[in-house]
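In: Sharing a model that was predicted from the sequence below.
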Amino acid sequence: MKTRIETYKGKDMPAQIYKRISKIWQKEFTDEEPLEAKNRKRFADDIFFIVLDSNNRILSTGRLIPINIEFLGKEYKIMGIGDIAAVKKRKGHGKILMTAIHKYLERTKQTGIGFCSPKNAPFYIKCNFKIAKTFVKRFYKRKSNGKIQKSKWQGAYTIYLDGKNNLMKKILSHPRTRIYTSRLHW
């Protein structure tokens, strides 16, 4: 079966693609907010990756989300790897998707960070991403009321690809230092 990859900035993605991805998300991630015209601004700067077959059916989809991170008092911009979903599992469509995301991050020299369940870590390793097992416990968000919120995904593994800024190398060399982010769950 011949496949192709399309990429869209969220603000430029056709409405019918939004609807099709929303259906996939609702099935894969039961707590995910639907992609609709009313919340399209939330996804405007995200980069969507879509693997399609020759009949224009979506086989897998995922996105990169611009995220701000503060580490050791310095601001960094990363791409959050999120909402990775293959319509049919174990057909190679997820690998095609993750290979495209990996190539994009390498080409643009950006750091990519995402989260996965421990059982899915071998898949991401096969896609040439690195894994940090307890890294997610270091993510915190400063709320507007001054309180600090930690990630609810304490058991998740972190997948990553280090970029030109060597942020992951820096973070991993300071294993007890908190990471503050503009968005905890992506």
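Out: Ah, there it is.
In: For stretch 145-152, buried residues please.
Out: Buried positions in stretch 145-152, judged by neighbour count with 16 or more other Cβ atoms under 10 Å: Ser151. C-betas here are computed from N, CA, C, even on glycine.
In: just stretch 19-32 next, same as before
Out: So, applying 16+ other Cβ under 10 Å, buried residues of stretch 19-32: Arg20, Ile21, Ile24, Trp25.
In: Nearest to Ile69 among those?
Out: Nearest to Ile69 among those: Trp25, at 24.5 Å, using Cβ to Cβ.
In: so that closest one touches Asp83, yeah?
Out: Yes - the criterion here is Cβ atoms under 8 Å, and Trp25 meets it with Asp83 at 6.2 Å.
In: Show me which of the buried residues of stretch 19-32 is closest to Pro118.
Out: So of those, ranked by how close each gets to Pro118 (Cβ to Cβ), first place is Trp25, at 22.1 Å.
In: Could you look up the next helix or strand downstream of the helix or strand the closest one falls within?
Out: Using DSSP states H and E, Trp25 sits within helix 15-28. With elements assigned by DSSP H and E, the helix or strand that comes after helix 15-28 is strand 47-53.
In: That following strand to helix 15-28, inter-axis angle?
Out: Calculated by axes from the mean of the first three to the mean of the last three Cα atoms, to 10 degrees, strand 47-53 forms an angle of 90 degrees with helix 15-28.
In: Need the contact partners of strand 47-53.
Out: 1-10, 13, 17, 21, 58-64, 79, 93, 96-97, 100-101, 104 (Cβ atoms under 8 Å, 6 or more residues apart in numbering).
In: Same check on stretch 131-147?
Out: Residues outside stretch 131-147 that contact it (Cβ under 8 Å, 6+ apart): 115, 118, 121, 124-125, 148-151, 153-154, 156-160, 171-172, 177-184.
In: Many thanks, have a good one.
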